[in-house]
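Visitor: please work out how this folds:
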Amino acid sequence: MACTKISTSVDSCSQLTNKTYSIMKPPPNHCERKRAIMGAETTIGLADLREALGPGVVLGFVDLRHAAIVAACRSGSSSPDTDFPDPNPRQSQVVFGVACGRLEQFTLCAVVYRKRDDLDRFWRENPNTRSGLVTRWPGVRVLWLRFAGVVPRNISFGTFSWCSEGVVPVGKPEASINDFIVQGGTAPVVDFGDLHWLEVEREVFDIELIEQEMGPKFCKTSKRTILNLPFWSRLFAKRFNLSFDPSVRKFQLRMGPADGAVCLSEIGLVNTVLGCLQKLSRELHGFPQRELCLKRVKEIVGLLKIEVARSELSEDESIDRYLQECVENRRGSLITSKQLWHTFLAFCRTSNLPVCPERIFGGLVRTKIRQRFAVGQSHDKVRGNDHTPRIYRNLGFKAHVPVVVELSDTAVTRIHVWGSYGANN
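Guide: Modelled structure (predicted):
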């Protein structure tokens, strides 16, 4: 219609020069040439996408209203609360799409962001994904990643969405595909377990992955809803980084890599799990309140004991690792056999290794110290000691010596209870 108006105006004004006319009215074949150029650009862009994302995942035309389109990108889903507003609110109903999901040995996933801060924070915490492919769609930015192994199913966190299934739009037929590429590159291959998330995000992902393996959180019988005990034992084992030392009949909890180990007896762990379930019962939609009883918690802890009981490693391996990580040659220093034994106990507990009996340890460590450090055991009298301890001269402990924090059964400090998951989890 615009071209027609221009043409009419020109024809009625005979004084206009050919130069003016040529500026106001494009040549008759201009639109066709433009479409041909955009078509060629789109073909090249789609080929680049296939190379970046893997063959077979870039689809042809898909209706934007199709149920396979991920929820964050469907027609009319663009939220005004976004840092990536759509400069052209009119949307085509036919789009090019990329299919998330398993292809050969990898799973192609998209993280759909509505807020720039979330994307920047993810890149800061996961710099190995910083150079990956990023595409745009009205109201969002899409970061593409590939994974080997199991990944969570689709989850929405409000300001961003995790998509491992479904189709994500990447362009429109009437526009160059390059208009929808924010950052070129390939979809990097990463391990999902190595990604860093906010704590509440990690907890939601943990629940989703455990449900894939162990079934839903709650099971329905003919009469009522009950807890899926294998699910809960696996969840607590993971969230508490739990292990069980059968030699001292103690559970060990580690809430983070910088935290020391917290030792609890079985009744102490029962009290801890009960407190966590009481909190979660107020936050998880559909939690069966009748299941919040001491009997059920004891059943979970019983499964936990089986779940996290440490396999017996060789005594040689435990002692070799201890000497490698904790002991060094240090001229003029000495270590007593008792000091070696106590630091070995602490090392085994903080490193999730079994503790061998002291008598066996004494014989093996003497041989290994002689082989590794060329130092023999001595019975010389040490100044200031009334007795004659067994010592190793010219040996010292490295700067970091592991410490195990012992708590009574009623202690609850440093036991972290995780936060809300939301009603839809």
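
Visitor: can you show me the strands along the stretch 151-300 of the chain?
Guide: For the stretch 151-300 of the chain, strands defined by DSSP state E, counting those that start in this stretch occupy the ranges 155-156, 160-163, 166-171, 181-183, 189-190, 218-220, 225-227, 243-245, 250-253, 261-264.

Visitor: export those as CSV, with columns for mean pLDDT and distance to residue 325.
Guide: To be clear about C-beta, it is placed using only N, CA and C from the backbone, and glycine gets the same treatment. CSV is the format used below for the strands of the stretch 151-300 of the chain (pLDDT from 0 to 100; distance: least, CB to CB, whole Å):
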stretch, mean pLDDT, distance to residue 325
strand 155-156, 93, 38
strand 160-163, 95, 37
strand 166-171, 88, 46
strand 181-183, 88, 42
strand 189-190, 90, 28
strand 218-220, 91, 43
strand 225-227, 93, 40
strand 243-245, 72, 18
strand 250-253, 80, 18
strand 261-264, 79, 16
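
Visitor: can you pull the buried residues of the one helix or strand residue 346 maps to?
Guide: Counting by DSSP states H and E, the element that carries residue 346 is helix 337-350. For helix 337-350, a neighbour-count test (16 or more other CB atoms under 10 Å) marks 337, 339-340, 343-350 as buried.

Visitor: wait, which of the strands of the stretch 151-300 of the chain is closest to residue 63?
Guide: Nearest to residue 63 among these is strand 166-171; the distance by CB to CB comes to 10.1 Å.

Visitor: give me the distance from that closest one to the chain's centre.
Guide: Here strand 166-171 is found 23 Å from its chain centre; the criterion is CA atoms, centre = their mean, to the nearest Å.

Visitor: same check, this time on stretch 166-173
Guide: 26 Å.

Visitor: so how far is residue 237 from residue 291?
Guide: 19 Å (CB to CB, to the nearest Å).

Visitor: returning to what we had before: now, among the buried residues of helix 337-350, which is nearest to residue 188?
Guide: Nearest to residue 188 among those, counting by CB to CB, is residue 350 at 33.3 Å.

Visitor: per-domain residue ranges of this protein.
Guide: With domains defined by automatic domain parsing, the chain comprises 30-197, 220-308, 315-406.

Visitor: between those domains, which one is closest to residue 206.
Guide: Nearest to residue 206, of the domains of the chain and by CB to CB, is domain 220-308 at 5.9 Å.

Visitor: shaky segments in the stretch 1-150 of the chain?
Guide: By pLDDT under 70, the weakly predicted segments of the stretch 1-150 of the chain are 1-52, 54-60, 75-79, 87-92.

Visitor: now the helices for it?
Guide: When secondary structure is read from DSSP state H, counting those that start in this stretch, the stretch 1-150 of the chain shows helices at 2-11, 18-24, 30-53, 116-125.

Visitor: now the end-to-end length of stretch 221-232.
Guide: 17 Å (CA to CA, to the nearest Å).

Visitor: list the buried residues in whichever helix or strand comes after the helix holding residue 346.
Guide: Next helix or strand after helix 337-350 toward the C-terminus (DSSP H and E): helix 358-373. Within helix 358-373, the residues that qualify as buried by neighbour count (16+ other CB under 10 Å) are 361, 364-366, 368-369, 373.

Visitor: ok, these vs residue 295, which is closest?
Guide: residue 361 (40.1 Å).

Visitor: these two touch, right, the closest one and residue 319?
Guide: Yes. Here residue 361 reaches residue 319: they are 6.8 Å apart, a contact under CB atoms under 8 Å.
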